[in-house]
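> Quick one: sequence plus predicted model below, questions after.
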Amino acid sequence: MAQRIRKAIFPVGGLGTRFLPATKAMPKEMLPVVDKPLIQYAVEEAQAAGIEEFIFVTGRSKTAIEDHFDHSYELETTLRERGKETQIAAVNSWMPRPGQIAYTRQQVPLGLGHAVWCARNLIGDEPFAVLLADDLILAERSCLKQMVEAQSATGGNMVAVMEVPHEHTNRYGIVDVARDDGRLVDVKGVVEKPDPAAAPSNLSIIGRYILQPEVFDRLERIGRGAGGEIQLTDALAELIRGGKPFHGLRFDGKRFDCGDKVGFLEANIAFALARPDMTEAVRKILDGQS
């Protein structure tokens, strides 16, 4: 049986330049979808999958994230005095317990692989998850929970995958497929942002990973890849070449690219429509009836 996944890394050191000027003073991971920031959705997804330790790899000007995952005693006192118990639950009920959160700093912006490597001492010698808050997933069951359940049977490394238009393969990490049963994909290779003419498939990796600790050694040695950054995809390719089990999971749910303005807007609409307290009003707006 595969070792239980207890820890998750959240790389949150990026600058969010595509959302300037909104992200000049606010981390992009704190952008709200309806009434919760992106990073809270990612943490709640991890909680639903049984994650117990939450590791944030931060950068400069990310203190708002730390504040969000802490108590605001002035706010809570004011809410309590006004009898607003529902709002108190909204700001506290989801929060990890004391000692479950750790922060480490990615001092130089050298890409996703480098951000994951920065958390190596907090992970130790056990498998772990990586969640990118930009990839927001609307699903009845947590995407990561689906992956944890599947990985408990397969062992090894696992990524979430989805089909993309073939002409867009140069935007993603793409998997080379050995076997595919329609849900679980046996992966024989990965390529970072291949030209469509050279892409081995149109199955892209999205921002959910379950990785074995051996990846840290690969990240230490591979050096810089595409864009002059340390690419996680390059380290994954080495793990596959080393014979490590590696699978992709077609998850149940819809993924929104919230690193893109249109994707972010689409996510707000979809999540609002999924809320019983907002569905009717939002539909009226969309139908031009408001």
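Received it, and whenever you're ready, just let me know what you need.

> Quick check: the closest residue in space to residue 94 that isn't next to it in sequence vs residue 95, distance?
With sequence-adjacent residues excluded and distances taken as C-beta to C-beta, 6 or more residues apart in numbering, residue 94 is closest to residue 44, at 5.7 Å. From N, CA and C alone the C-beta is placed, and that goes for glycine too. Distance of residue 44 to residue 95, given as C-beta to C-beta, to the nearest Å: 10 Å.

> Repeat that for residue 107.
27 Å.

> quick one: which of the two has more around it?
Using other C-beta atoms under 10 Å, the more surrounded residue of residue 107 and residue 95 is residue 95, with 16 against 11.

> Secondary structure element holding the more buried one?
Using DSSP states H and E, residue 95 sits in no helix or strand.

> which residues touch it?
69, 71 (C-beta atoms under 8 Å, 6 or more residues apart in numbering).

> Now the nearest residue to residue 138 once chain neighbours are set aside: phi and psi?
If the residues on either side of it in the chain are set aside, residue 138 comes closest to residue 254, at 5.0 Å by C-beta to C-beta, 6+ apart. Backbone torsions for residue 254, taken as degrees, to the nearest 10, come to phi -120, psi 130.

> And residue 51, by the same measure?
Per degrees, to the nearest 10, the backbone of residue 51 is at phi -70, psi 140.

> partner residues bridging the residue nearest to it when sequence neighbours are not counted?
Excluding the flanking residues, the one nearest residue 51 by C-beta to C-beta, 6+ apart is residue 8, at 4.6 Å. Note on residue 8: beta-bridge partners by DSSP bridges are residue 54, residue 129.

> Residue 8 contacts residue 128, correct?
Yes. In this structure, residue 8 is within contact of residue 128 by C-beta atoms under 8 Å, at 6.4 Å.

> Pop the domain breakdown of this structure in here.
7-259, 260-290 (automatic domain parsing).

> can you give me the offset of the last one from its chain's centre?
When you say that, I think you mean domain 260-290. Centroid separation for domain 260-290 versus its chain: 23 Å, with C-alpha atoms, centre = their mean, to the nearest Å.

> How about stretch 77-97?
26 Å.

> what mean pLDDT does that stretch have?
When pLDDT is averaged over stretch 77-97, the result is 86.

> ends of that stretch, how far apart?
20 Å (C-alpha to C-alpha, to the nearest Å).

> can you check stretch 186-198 too?
Stretch 186-198 end-to-end distance (C-alpha to C-alpha) = 20 Å.

> Give me the buried stretch members for that stretch, please.
By 16 or more other C-beta atoms under 10 Å, the buried positions in stretch 186-198 come out as 187, 189, 190, 191, 192, 193, 194.

> hmm, who's touching that stretch?
159, 166-180, 199-200, 205, 225-226, 231, 233-234, 236-237, 240, 246-248.
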